[in-house]
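Visitor: Make a model of this:
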Amino acid sequence: MTVAPTTAPPRARPAPFGLTFVASAAIYLVLAGFAAWTAWADTATPLTPRTSDASTWDLLLHNMGVLVWLAGGLCTAGLLTGAVLGLNGILLGWVVGKQLAAGDGAALLTGMLPHLPFEITAYLISAAASIRFGLDIAGRLRRRSAQRPVPWAGWVRVQAYALVLLIVAALVEANVSHV
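Guide: A predicted model of the protein is given here:
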């Protein structure tokens, strides 16, 4: 009697980084757009902009706190990351909508536009990496393959890139933007 060799079941591959980045950007932009539209349509609630004298260090610490919340997707298979990303998009959209409704687009150009590309890019790549890695960890637990080492290096590298972008954003926000 011959016994057929057993083969291991195929491993499920996590979603590619590009796909999770696009999904993160979609969450952010859809909610920001919705919030901007509702803020623009809401004429009863005025926006009272104020300037901030926060230092580069204060701005960086605040933005790093957002990165920590985005990393919560590691423990929740990306759910917390999606929620934090969505909330950040809603807040940005609300401010943009109110500024545009008030006819103050110049404040957006000089107050937010200089540092916003760095900050949003940092959040999106951090979110994409956290969602992807969180789903990978969840898949390992589901397949009961948690005893294998978890490849943290890629996630840590992306978080380091995000941190560099946030340092640039904090420098620009403190020294160039009038926020």
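Visitor: which residue is nearest the middle of the protein?
Guide: Centroid-nearest residue in the chain, with CA atoms, centre = their mean: residue 123, separated by 3.2 Å.
Visitor: Now that one: which helix or strand?
Guide: helix 116-142 (DSSP states H and E).
Visitor: quick one: average pLDDT of that helix?
Guide: Averaging pLDDT along helix 116-142 yields 88.
Visitor: what's it packed up against?
Guide: Under the contact criterion of 3 or more CB pairs under 8 Å, 6 or more residues apart in numbering; DSSP states H and E, helix 116-142 touches helix 17-41, helix 56-70, helix 73-76, helix 79-101, helix 153-175. The way it works is simple: take the backbone N, C-alpha and C, and place the C-beta from them, glycine included.
Visitor: between the ones you listed, which one is nearest to residue 47?
Guide: Checking the helices and strands packed on helix 116-142 against residue 47 by CB to CB gives helix 79-101 as the closest, at 3.5 Å.
Visitor: which residues does the residue nearest to the centre of the chain contact?
Guide: 28, 66-67, 70, 85, 88, 162 (CB atoms under 8 Å, 6 or more residues apart in numbering).
Visitor: Can I get the residues you listed in TSV including pLDDT, distance to residue 42 and neighbour count?
Guide: Putting the contacts of residue 123 into TSV (pLDDT from 0 to 100; distance: CB to CB, whole Å; neighbours: other CB atoms under 10 Å) gives the following:
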residue	pLDDT	distance to residue 42	neighbour count
28	91	21	22
66	92	25	20
67	91	31	18
70	90	28	29
85	91	23	28
88	92	20	21
162	95	33	28
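Visitor: and which of the residues you listed is nearest residue 141?
Guide: Of those, the one sitting nearest to residue 141 (CB to CB) turns out to be residue 70, at 20.7 Å.
Visitor: Any regions of the chain where pLDDT drops low?
Guide: Scanning the chain for pLDDT under 70 picks out 1-16, 49-52, 145-148, 179.
Visitor: Run a quick neighbour tally on residue 137.
Guide: Neighbourhood size, residue 137 [other CB atoms under 10 Å]: 19.
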